[in-house]
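1. Need a 3D model of the sequence below.
(2 chains)
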Amino acid sequence: MAIGEATIDSMIDVLPLPIIIKETLKEDVMKVGVTKKEMEEIIERVMDGYNVSCVEPCEAVGVISAQSIGEPGTQMTMRTFHYAGVAEINVTLGLPRLIEIVDARKTPSTPMMTVALAKEYADDRDQARKVAWEIEATHIEHLADLTTDTANMQLIIDLNEKMLHQRGIDVMSVADKLGDGLGVSASISDSVPDQIIVVPNKSSYRELLQIAKKIHTITLKGIDGIKRVVVRKEEDEYTLYTEGSELKAVLDVDGIDPTRIYTNNIGEIYEVFGIEAARNSIIKEAMDTLNEQGLTVDVRHIMLVSDIMTCDGEVKQIGRHGISGEKASVFARAAFEVTVNHLLDAGMRGEIDELNGVTENIIVGQPIKLGTGDVHLIARNPLDN
Amino acid sequence: MSNFSLLDNELIPNHEILGEDEMRSVLKQYNIGKEQLPKLKVSDPIAKEIGAIVGDVVKITRNSYTAGESLYYRYVIE
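-> Numbering: from 1, shown residues only, chains lettered A, B, ... in the order given. Next comes the predicted model:
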């Protein structure tokens, strides 16, 4: 006779298994319906299978991860640029991106954000576009034609009314921003509509040309550093994709959904969302990069790498200035990079190598503490009782 | 966005400060001292959000790809 849900629950709950396995087990058992005796046997077999698939103590998981990521890594493209499928925004992919991730670069070569919108903005294209203009940095060349009037030593800006309206800016605020940014007088023309006249402080030709150059760097609206925003419909809501990443500033914009905002800049995620979010994004970015190339690497290897990178509370790179460079052993550090410098420094400081790790024991030719090498047999004398 | 808690973000797993008893049982389970746990900086945005101070142990309930849910502990340092 099949047993009920309550009995199954009570039998499964006590098992030392991960939640995902428990849930699958329960689901499958409920579907077929089993007797108590069958259930006991199923549990026994599941536990056996689980124990077999666990990593054994003293297993060199790091080396296995290194191989498992390294081998498919040899097949990755060296080509840097690609269209990532998302709204013609260029994103670094392949090997260069993977190197960027494990090196924990402060800023990636192609920062990009995915910004989900709040409910009332996500369904309406115009509303979504409005939020996009709040984020995208607007410069003068987006709005106007510039004429350098050398005869009267002034800069004439003819604003395009349509563009002003589209981006939600008025002539006054443009004039104010330009005046503040350049430190010169920018006044609205009395005779021609939508025209701003910028007059340099000193009436010199050089000054005028400098202003004409500098005017392009002033952000009139939006967030400095976000070059472009693309609105796209994903499933049934509008989502923004940005070229350039300014997580902190974008979080303050009205209309975005702060719980579903993402950037490929891991350094920024660490600063704004903390170490655990940074760990998650390292996993996500590395997996996406590998999968995009059609390589399947088990997520456990990536998880190990990201755990090591984040275990000290900050994102450390794998390499000379991070994990490998901070090893306690002199030999282990010397074996990685810049051998002579490490040995020289260690000699001057009188460092002592305790020979606890793997690398240093291989160097001196001793058994390493891995696998069977980490197990010590102690014989008990039967006479001692 | 004043009513937004960092912990609501989908990238950030749940963090909570461990009580004294629970902390002791965790340390006993792994047979280690507090300072042998992975670290969390007190300046970390989430540490500030939950009000953790140096010396606390923070329990993190991660959404794991492989286990569904996994527990992780971090020791709060300067």
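2. From now on I want contacts and neighbour counts done on CA atoms only, so please keep to that.
-> Noted.
3. Please see if the strand or helix carrying A:Asp307 touches chain B.
-> Secondary structure from DSSP states H and E places A:Asp307 in helix A:299-310. Yes - between helix A:299-310 and chain B, judged by Cα under 8 Å from any Cα of the partner chain, the touching residues are A:299-300.
4. cool, stretch A:239-254 as well?
-> Yes - against chain B, stretch A:239-254 shows contacts by Cα under 8 Å from any Cα at A:251-254.
5. In that stretch, which residues are buried?
-> By neighbour count with 16 or more other Cα atoms under 10 Å in any protein chain shown, stretch A:239-254 contains the buried residues A:239-247, A:250-251, A:253.
6. Ok, stretch B:42-60 next?
-> B:42-47, B:52-53, B:56-60.
7. Save the residues of stretch A:239-254 next to chain B as CSV, and put in secondary structure too.
-> Formatted as CSV, these follow (DSSP: H, G, I helix; E, B strand; the rest coil):
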residue, secondary structure
A:Leu251, helix
A:Asp252, coil
A:Val253, coil
A:Asp254, coil
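8. What is the nearest of those residues to A:Asn152?
-> A:Asn152 lies nearest to A:Val253 out of those, by Cα to Cα, at 41.2 Å.
9. from what I can see the closest one touches A:Ile135, true?
-> Yes - assessed by Cα atoms under 8 Å, A:Val253 is found in contact with A:Ile135 at 7.4 Å.
10. Can you get me a residue count around whatever residue of chain A ends up closest to chain B?
-> Nearest residue of chain A to chain B (Cα to the nearest Cα) works out as A:Thr259 at 3.8 Å. Look at A:Thr259: counted by other Cα atoms under 10 Å in any protein chain shown, it has 20 neighbours.
11. That one: what's it in contact with?
-> B:6, B:8-10 (Cα atoms under 8 Å, 6 or more residues apart in numbering or on different chains).
12. same deal with A:Ala151?
-> Per Cα under 8 Å, 6+ apart, neighbours of A:Ala151: none.
13. Specify the local secondary structure of it.
-> Once three-state DSSP is applied, A:Ala151 turns out coil.
14. For it, grab phi and psi.
-> phi -70, psi -50 (degrees, to the nearest 10).
15. Let me know the pLDDT of it.
-> The pLDDT attached to A:Ala151 in the predicted structure is 80.
16. now it: how far from A:Thr107?
-> A:Ala151 is 45 Å from A:Thr107, where distance means Cα to Cα, to the nearest Å.
17. Apart from its chain neighbours, what residue comes closest to the residue of chain A closest to chain B?
-> Of all residues not flanking A:Thr259 in the chain, B:Asn9 sits nearest, at 3.8 Å (Cα to Cα, 6 or more residues apart in numbering or on different chains).
18. Can you tell me how far the one you found is from A:Thr310?
-> For B:Asn9, the distance to A:Thr310 equals 19 Å [Cα to Cα].
19. quick one, which of those two is more surrounded?
-> Higher neighbour count among B:Asn9 and A:Thr310: A:Thr310, with 21 against 18, using other Cα under 10 Å.
20. Quick one: low-confidence residue ranges for the chain.
-> Chain wasn't specified; assuming chain A. A:1, A:78-88, A:385 (pLDDT under 70).
21. wrong one, I was asking about chain B
-> Ranges of chain B meeting pLDDT under 70: B:1-3.
22. Please list the residues of it that sit near chain A.
-> Residues of chain B that fall close to chain A, judged by Cα under 8 Å from any Cα: B:1, B:4, B:6, B:8-13, B:38-41, B:44-46, B:65-70.
23. Where helices are concerned, which of these count?
-> Among the residues of chain B next to chain A, DSSP state H puts B:45-46 in helices.
24. of the residues of chain B next to chain A, buried ones?
-> Buried among the residues of chain B next to chain A by 16+ other Cα under 10 Å: B:6, B:9, B:11-13, B:38-41, B:44-46.
25. And the strands in chain B?
-> B:14-17, B:39-41, B:57-62, B:70-77 (DSSP state E).
26. That should have said the stretch 201-350 of chain A, apologies.
-> A:228-234, A:237-243, A:256-263 (DSSP state E, counting those that start in this stretch).
27. What residues sit buried inside the longest one?
-> It stands for strand A:256-263. Neighbour-count burial for strand A:256-263 [16+ other Cα under 10 Å]: A:256-259, A:261-263.
28. cool, the first one as well?
-> Buried residues in strand A:228-234, counted by 16+ other Cα under 10 Å: A:228-232.
29. What are the buried residues along stretch A:135-142?
-> Neighbour-count burial for stretch A:135-142 [16+ other Cα under 10 Å]: A:135-140.
30. I'd like those written out as TSV, with secondary structure and distance to A:Ile302 added.
-> TSV is the format used below for the buried residues of stretch A:135-142 (DSSP: H, G, I helix; E, B strand; the rest coil; distance: Cα to Cα, whole Å):
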residue	secondary structure	distance to A:Ile302
A:Ile135	helix	33
A:Glu136	coil	34
A:Ala137	coil	36
A:Thr138	strand	39
A:His139	coil	41
A:Ile140	helix	45
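31. and which of those residues is nearest A:Pro382?
-> Among the buried residues of stretch A:135-142, and counting by Cα to Cα, the member closest to A:Pro382 is A:Ile135, at 78.8 Å.
32. I'd say that closest one and A:Thr219 touch.
-> No - A:Ile135 lies out of contact with A:Thr219 (Cα under 8 Å); the separation is 11.3 Å.
33. What's the local residue count around A:Pro108?
-> Burial of A:Pro108 is recorded as 19 neighbouring residues (other Cα under 10 Å).
34. In this structure it contacts A:Glu100, no?
-> Yes - with contacts counted by Cα under 8 Å, A:Pro108 reaches A:Glu100, the gap being 6.7 Å.
35. Let me see the contact set for the residue of chain B found nearest chain A.
-> Going by Cα to the nearest Cα, chain A is nearest to B:Asn9 of chain B, at 3.8 Å. Each residue near B:Asn9 by Cα under 8 Å, 6+ apart is listed here: A:258-261.
36. so can I have JSON lines of those residues showing distance to A:Val299?
-> Listed next are these as JSON lines, based on distance: Cα to Cα, whole Å:
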{"residue": "A:Pro258", "distance to A:Val299": "27"}
{"residue": "A:Thr259", "distance to A:Val299": "24"}
{"residue": "A:Arg260", "distance to A:Val299": "22"}
{"residue": "A:Ile261", "distance to A:Val299": "23"}
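37. Perfect, I'm done here.
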